[in-house]
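1. fold the following.
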Amino acid sequence: MLLELNEKPIAYKPGEAARLMGISERKLDELIATKAIRSFKIGKSRRITLEAINAFIKKAEQDAR
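-> Below is the predicted model:
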């Protein structure tokens, strides 16, 4: 699948992901360190996919029940 210019990114920098989730970058760093949310590196740059964000939220909702 090729991305089109009007599509959203499929992977976000930590600061962008934290803003999408409404949490601090520090909290996101903790979630990454404990492997509560998946992330990956490209060189020295870390990225979090929208799929990983949604999976984290879904699990958090299930755990809250």
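
2. need the residue closest to the centroid of the chain.
-> Ile48 (3.7 Å; CA atoms, centre = their mean).

3. now that one: which helix or strand?
-> strand 45-49 (DSSP states H and E).

4. ok, what's across the strand from the residue nearest to the centre of the chain?
-> Counting by DSSP bridges, Ile48 forms beta bridges with Tyr12.

5. list the buried residues in the next helix or strand after the strand holding Ile48.
-> The element immediately downstream of strand 45-49 (helix or strand, assigned by DSSP H and E) is helix 50-64. Neighbour-count burial for helix 50-64, counted by 16 or more other CB atoms under 10 Å, picks out 52-53, 56. (Glycine included, C-beta is placed from N, CA and C.)

6. show the average pLDDT along helix 50-64.
-> Averaging pLDDT along helix 50-64 yields 93.

7. and it, what does it pack against?
-> strand 11-12, helix 14-21 (3 or more CB pairs under 8 Å, 6 or more residues apart in numbering; DSSP states H and E).

8. how far does the shortest one sit from its chain's centre?
-> Which is strand 11-12. Counting by CA atoms, centre = their mean, to the nearest Å, strand 11-12 is centred 7 Å from the centre of its parent chain.

9. by contact count, what packs against it?
-> On a contact count with 3+ CB pairs under 8 Å, 6+ apart, strand 11-12 meets strand 45-49, helix 50-64.

10. among these, which comes closest to Arg26?
-> Relative to Arg26, the nearest member of the helices and strands packed on strand 11-12 by CB to CB is strand 45-49, separated by 14.2 Å.

11. show me the shaky parts of this structure.
-> 1-6 (pLDDT under 70).

12. sweet, I'm off.
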